[in-house]
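Visitor: Could you work out the structure for the sequence below:
(one chain, ligands or ions: 2)
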Amino acid sequence: MALKVAHISDIHFFHLNKSPLQFFSKRFLANFNSLLTRRGILDSNLAYEVLPFLKKEGVTHLIISGDYTSSSSAKEFEMMQQYVKTIKSEGFELFTLPGNHDAYTKSSYRNQSFFSYLGDLVDFSGDTAFNLVDHQVAAYNLIDPWWLILLNCSCPTPLHKSTGVFSPEIEKSLISLLNSLPKESEITLVCHYPFERFKYPKAHLERGSFLEKILQSDKRIRLYLHGHRHLPRIEQIGSITVADSGSISLKKASSFNLLNFSQEGCEITHYQYENKTWRPTDVRETITALV
Ligand SMILES: [Fe+2]
Ligand SMILES: [Fe+2]
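Guide: Residues are numbered from 1 along each chain as shown. Ligands and ions are numbered 1, 2, ... in the order given. Below is the predicted model of the structure:
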């Protein structure tokens, strides 16, 4: 038995906000950015177009690692909600968490907008005592021996930053959650952000080195999935495989990863947009189960 899961990320639905109130929040920056740069390179319709393609490939589950919106506006959250409704009506199961753009303003974070728009559609509780809304972590038993952990490190940041934070509280929750999972398990961890510092220092995960320490010391953790960079990769870092799906909405370079989980391990294949469809590339990796 196997489980086919597609990992997509960074859809960035966009609705131009004309309200003068935006100048009192970070939102005007997202509007400005989207109008000047992102609109030319992003097309969120691709997130819809990929669904029949995934169906044909036998995908039954989706992982969406955040950044559904551009500025966390109500209109964009409605677009996110409509998209998730479509996913569910097509019969896909969904595992998901917010990115920095989904917790963009203080009010969207305070009101837990991401969770209130999706609360009736998505299971944020999983299969343990931890849930994403209260503990910022949740775990799901995918198919033995595989578990999936969602880790939410998104919170509002100052104007010049788009960082995530692996806070001491989240660290504590993650360690307790890991302690509650079976010894004989293989774990895939999903977070919006890469844990290592990369070339945009203002967009990294704060306290990412603390997360990396946990990832490298718990030998059950085999795979780390993230988005945020809009730049795909599958590479080995220490003892774990790290895979960025890239952005599904990039007009010229839309991409996603397909993961085939089984008792034997997990095969990852990277798909890239070309001639109005997605094709598997040579970028692939096989993880052999240890248990
Ligand atoms: Fe993004
Ligand atoms: Fe992001």
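Visitor: Please list the residues of this structure that sit near ligand 1.
Guide: The chain has residues 10, 67 near ligand 1, with proximity defined as C-beta under 5 Å from the ion. Yep, even glycine has a C-beta here, placed from its N, CA and C like the rest.
Visitor: any idea which helix is longest in the chain?
Guide: helix 74-89 (DSSP state H).
Visitor: just the CA coordinates of it, formatted as CSV?
Guide: Extracted in CSV, the C-alpha atoms of helix 74-89 (Å, rounded to 0.1, in the frame of the first residue of the first chain):
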residue,chain,number,x,y,z
ALA,A,74,-10.4,39.4,4.1
LYS,A,75,-10.9,39.2,0.3
GLU,A,76,-7.7,37.1,0.0
PHE,A,77,-8.7,34.8,2.8
GLU,A,78,-12.1,34.3,1.1
MET,A,79,-10.1,33.3,-2.1
MET,A,80,-8.1,30.8,0.1
GLN,A,81,-11.3,29.4,1.6
GLN,A,82,-12.9,29.0,-1.9
TYR,A,83,-9.8,27.2,-3.0
VAL,A,84,-9.8,24.8,-0.1
LYS,A,85,-13.5,24.1,-0.7
THR,A,86,-12.6,23.2,-4.2
ILE,A,87,-9.8,20.9,-3.0
LYS,A,88,-12.2,19.1,-0.6
SER,A,89,-15.0,18.8,-3.2
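Visitor: OK, contacts around the residue positioned nearest the centre of the chain?
Guide: With distances taken as C-alpha atoms, centre = their mean, Ser65 lies nearest the centre of the chain, 0.8 Å away. By C-beta atoms under 8 Å, 6 or more residues apart in numbering, the contact list for Ser65 reads 7-10, 96-97, 99, 190-192, 225-228, 245.
Visitor: got it, and Arg229?
Guide: Contacts of Arg229 by C-beta under 8 Å, 6+ apart are 194, 198, 200, 203, 244, 246.
Visitor: between those, which is nearest ligand 2?
Guide: Of all the contacts of Arg229, ligand 2 sits closest to Ala203, with 7.2 Å by C-beta to the ion.
Visitor: Look at Arg208 and say how many residues are nearby.
Guide: Small correction: residue 208 is Gly, not Arg. Neighbours of Gly208 under the rule other C-beta atoms under 10 Å: 22.
Visitor: Over to His61?
Guide: By other C-beta under 10 Å, 20 other residues sit near His61.
Visitor: again, but for Lys106
Guide: Residues within reach of Lys106, counting by other C-beta under 10 Å, total 13.
Visitor: Surely it touches Pro158?
Guide: No: in this structure Lys106 lies outside contact range of Pro158 using C-beta atoms under 8 Å: 10.8 Å.
Visitor: helix/strand/coil for Lys172?
Guide: helix (DSSP: H, G, I helix; E, B strand; the rest coil).
Visitor: For the stretch 101-250 of the chain, what lies in contact range of ligand 2?
Guide: With the criterion set to C-beta under 5 Å from the ion, the stretch 101-250 of the chain comes near ligand 2 through His228.
Visitor: Can you name the residue of the stretch 101-250 of the chain nearest ligand 2?
Guide: Taking C-beta to the ion, the stretch 101-250 of the chain has His228 as its residue nearest ligand 2, at 3.8 Å.
Visitor: elements contacting the longest helix of the chain?
Guide: With contacts taken as 3 or more C-beta pairs under 8 Å, 6 or more residues apart in numbering; DSSP states H and E, helix 74-89 sits against helix 45-56, strand 93-96, helix 113-118.
Visitor: can we see that at 7 Å?
Guide: Helices and strands touching helix 74-89, as assessed by 3 or more C-beta pairs under 7 Å, 6 or more residues apart in numbering; DSSP states H and E, comprise strand 93-96, helix 113-118.
Visitor: Tally up the residues packed near the residue of the stretch 101-250 of the chain closest to ligand 2, please.
Guide: His228 has 28 nearby residues by other C-beta under 10 Å.
Visitor: again, but for the one 4 residues further on
Guide: For Pro232, the neighbour count with other C-beta under 10 Å is 22.
Visitor: Show the low-confidence segments of this protein, by residue range.
Guide: 18-39, 159, 199-201, 291 (pLDDT under 70).
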